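Chemist: Here is a sequence with its predicted model. Questions after.
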Amino acid sequence: MSPSRDEDARLLEPLIDLALSAGAAALSVYAGDFGFEKKEDASPVTEADRLCEEIILRGLAALAPAIPVLAEESAAEGRIPDLGSVFFLVDPLDGTKEFISRNGEFTVNIALVRDEKPVLGVVYAPAIRRLYAGARSLGALRIDIDEQGAAGPKQAIAARPAPEKGLVAVASRSHRSPETDDFLKTLKIAEFAAAGSSLKFCLIAEGAADVYPRLGRTMEWDTGAGQAVLEAAGGRVEVYPSGEPLRYGKKSRGFDNPHFIAWGAARALP
């Protein structure tokens, strides 16, 4: 194996375990009565966001102490390390609005970025007991988790070519925009599904959907793990409308993303 493939293989299982641990902590908060606060950008934050981030940061420090970490809640408090060409990207609870509304569509997200590309990612949706993981060098997989938190067998997944009957489009449940609807009108859409958090990338990665347009603001930690899983499954994420790959480490932008489109195995033409 190449050095990067060796490193990805070494990291993947511990990152899966770390996401499962953080997910269990999120569920312990989810099961009780919890409140939330508003951050400076008016987005909500809960006890679960902070607890999950603490667990993940502690685990990453033990696993790979030389690799810096860009994490959502730390960044919100101004703690942004010098990242270099290799860093971890953490969204401890993507879909906080989904968490608060208790619809189950929130995720724990850990990604490894190398040379501006998200090369490895883990996305865990603890309330629906589903974990996705992947690396460009290793492929993508899904693991179903039982009610006791035990992981089932690994199932290989792959994005599918565009179906002849038309695409299944998936878009944000909480952040859908008129621009998104206008873009979808340019495609042959057979079916539409709404979903929260980074699960949208994973639905495309496992061949349950074909396209996810996001013509609104996102941050790098929102997308890194999902993009890594999707691209490991044979899909791609491109900046809209330029078509260039969505890249990471954009400090000059404050780590926000341009508009993008996530596609399955074959980019559909309008």
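Modeler: Now that the structure is in, tell me what you want to look at. Because the structure is predicted, anything quoted here is derived from the model rather than measured.

Chemist: OK, contacts around the closest residue in space to Gly235 that isn't next to it in sequence?
Modeler: Distances taken as CB to CB, 6 or more residues apart in numbering place Ala159 nearest to Gly235, at 3.9 Å, with adjacent residues excluded. Backbone N, C-alpha and C define where each C-beta goes, glycine included. By CB atoms under 8 Å, 6 or more residues apart in numbering, the residues touching Ala159 are 204-207, 230, 233-235, 263-265.

Chemist: farthest-separated two in those?
Modeler: Glu206 and Trp263 (14.3 Å; CB to CB).

Chemist: Please spell out the segments of the stretch 51-200 of the chain that come in under the pLDDT threshold.
Modeler: For the stretch 51-200 of the chain, applying pLDDT under 70 flags the ranges 172-176.

Chemist: Tell me where it has helices.
Modeler: When assigned using DSSP state H, counting those that start in this stretch, the helices of the stretch 51-200 of the chain occupy the ranges 72-76, 96-101, 178-184, 199-205.

Chemist: what's the most buried one of these?
Modeler: helix 199-205 (a mean of 29; mean count of other CB atoms under 10 Å).

Chemist: Check which helices and strands the strand or helix carrying Tyr212 sits against.
Modeler: Using DSSP states H and E, Tyr212 maps to strand 211-214. When contacts are defined as 3 or more CB pairs under 8 Å, 6 or more residues apart in numbering; DSSP states H and E, strand 211-214 sits against strand 167-172, helix 178-184, helix 199-205, strand 260-263.

Chemist: got the CA positions of the first one in PDB?
Modeler: C-alpha atoms of strand 167-172 as PDB (Å, rounded to 0.1, in the frame of the first residue of the first chain):
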ATOM      1  CA  LEU A 167     -32.700  11.700 -10.700                       C
ATOM      2  CA  VAL A 168     -33.500  11.500  -7.000                       C
ATOM      3  CA  ALA A 169     -32.600  14.900  -5.600                       C
ATOM      4  CA  VAL A 170     -32.000  15.600  -1.900                       C
ATOM      5  CA  ALA A 171     -31.800  19.000  -0.400                       C
ATOM      6  CA  SER A 172     -31.600  20.600   3.000                       C
END
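
Chemist: which helices and strands sit right next to it?
Modeler: Strand 167-172 is packed against helix 178-184, strand 189-195, helix 199-205, strand 211-214, with contacts defined by 3+ CB pairs under 8 Å, 6+ apart.

Chemist: from the chain's centre, how far out does the last one sit?
Modeler: Taking CA atoms, centre = their mean, to the nearest Å, the mean C-alpha location of strand 211-214 is offset from the chain mean by 13 Å.

Chemist: same thing with the third one?
Modeler: Distance of helix 199-205 from its chain centroid, counting by CA atoms, centre = their mean, is 9 Å.
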